Structures are given as C-alpha cells and as structure tokens.
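Undergrad: What would the 3D arrangement of this be:
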Amino acid sequence: MAVSSISAITQSSSSSQADTALSQLSEDYTRFIKLLVAQVQYQDPLEPMDSTQFVSQIAQLTQVEQAVQTNKHIENLSAALAATSALEESQLIGREVTTFSETIVLDETGADFAYELENTPTAVSAIISDGDGNIIHQIDGLSTQSGRVIDVHWDGLDADGNPVPAGEYTVTLATPGGSGAYSTYTSSVVEYVQYDASGTTLILADGRNISSGNIMRVN
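TA: Reported below is the predicted structural model:
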C-alpha cells in the first residue's frame, strides 16, 4: 500500500472538523463586517457608537480563529504521527509476534503457546478445551516460576493419545486451589497490515486480527 494512501486515510477524518470550523468562522467574519458597516452608516451622529465594543468583538473573533488554526495544526500532526506509526507497523509483516490470547490454533505441527505467572504456585497444568468447552487434553508438570514467559508446545493429541482435528482451541491454566493470576500468550506470523479510518489492524497467519498494542513480544 502506498504511503499516500495511508496519509489520506488518517488525514481525511482528522481535518474535516477544523475545516468546517474555519469555514463557519469566515462566514461569521463576513456577517460581522456587514453589520459593522451598516451600523456605522446609519448611526446617529449625535450618539455615535462605542467603538470599544467593536474592537472587543473583533478581538474575540481573532482569538477564535487562532484557536481553530491551532486545533487544525494539532490534527495534522496527529495524522502525520498515525501515518508514521502505520509505516512502522508494516515492518512487522513476515515477523512472528506473541500476543495476549487464550486461543491457540492447532495445525499439523501442533500448537504453541506461552504463559506468565504472577505468583509461584506449587503446581501448574495447562487445560486445553475445544469450542464447546470440552476438555481435550491436560499438560501437567509445567514450570511454576513466576515473572517470566514460559513457552509450551502441544503435540495435538488428546488425553488418550489420539490426534485431534486442526483448528482453534482454548488454553487455561490450573493451579492448586486456583491460586495466583496468570497471562497466556500465543504466537503467529503477521501476514499483512490493514489501514482504515478507525486505525491499523495486523492480520495474522492464524486468522486473528489484532492491534499492535496487544503485542508483548516480536520474535
């Protein structure tokens, strides 16, 4: 995707409000000047208008114009930063990223995931379930070390040693008494980056759509 396309998407939504405000302000200026000319033309020579009021109103309009211009500059800067961020994210294409997720995708090579413990329980097991919530397999004897990411590989076999169909499964951790919080992660390769007015989305090889804010590790 061309850089100009990214910029157009990010700038089109950010500049419209400021442009509308400037257009409205220009109309207000025109109406104010017409009113000023009419009042000066038809004023009572014996009771001339107080010029201070007009000077004050002109000053207020000028301040509003400056504020709108400042907002427009900020919006343009935000659009430029968004475009820069989008270009940086495009460098992730072809890279394997690790994200926060309980969903693992099983293929012919198995499925990989990782976890991180906040506490140090006496034992940790990984429970793998299908889309209906049925437990397919349990991996016991995992590391109980806290504060680091532990990588785990599932060979794709069920509790009886039979291969299960490829697809998406859910992984959760079990500890004695359910003690301690944890996070689970899965990894996949970034196939392409999608840009639209709502932001940037990374499309992964396993079919997931994520934002770069969900990435905790780039491999």
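Undergrad: Helices along this protein, start to end?
TA: 3-41, 51-90 (DSSP state H).
Undergrad: ok, of those, where does mean pLDDT dip lowest?
TA: Ranked by mean pLDDT, those bottom out at helix 3-41, with a mean of 59.
Undergrad: Domain ranges for the chain, per the record?
TA: 3-90, 96-218 (automatic domain parsing).
Undergrad: what residues are up against the nearest residue to H137 once chain neighbours are set aside?
TA: Leaving aside its sequence neighbours, H137 sits nearest to I128 (C-beta to C-beta, 6 or more residues apart in numbering; 4.6 Å). In short, each C-beta sits where N, CA and C put it, glycine included. Residues in contact with I128 (C-beta atoms under 8 Å, 6 or more residues apart in numbering) are 104, 135-139, 154, 169-171.
Undergrad: Check N219 too.
TA: Contact analysis of N219 by C-beta under 8 Å, 6+ apart lists 95-98, 187.
Undergrad: and if we set it to 7 Å?
TA: By C-beta atoms under 7 Å, 6 or more residues apart in numbering, the contact list for N219 reads 96, 98, 187.
Undergrad: I'd like to know how many residues surround the nearest residue to the second one once chain neighbours are set aside.
TA: Closest residue to T98 apart from its sequence neighbours, by C-beta to C-beta, 6+ apart: R217 at 3.9 Å. Neighbouring residues of R217 were enumerated by other C-beta atoms under 10 Å; the total is 12.
Undergrad: How about S212?
TA: 19.
Undergrad: V218 versus that one, what's the distance?
TA: Separation of S212 from V218 (C-beta to C-beta, to the nearest Å) stands at 10 Å.
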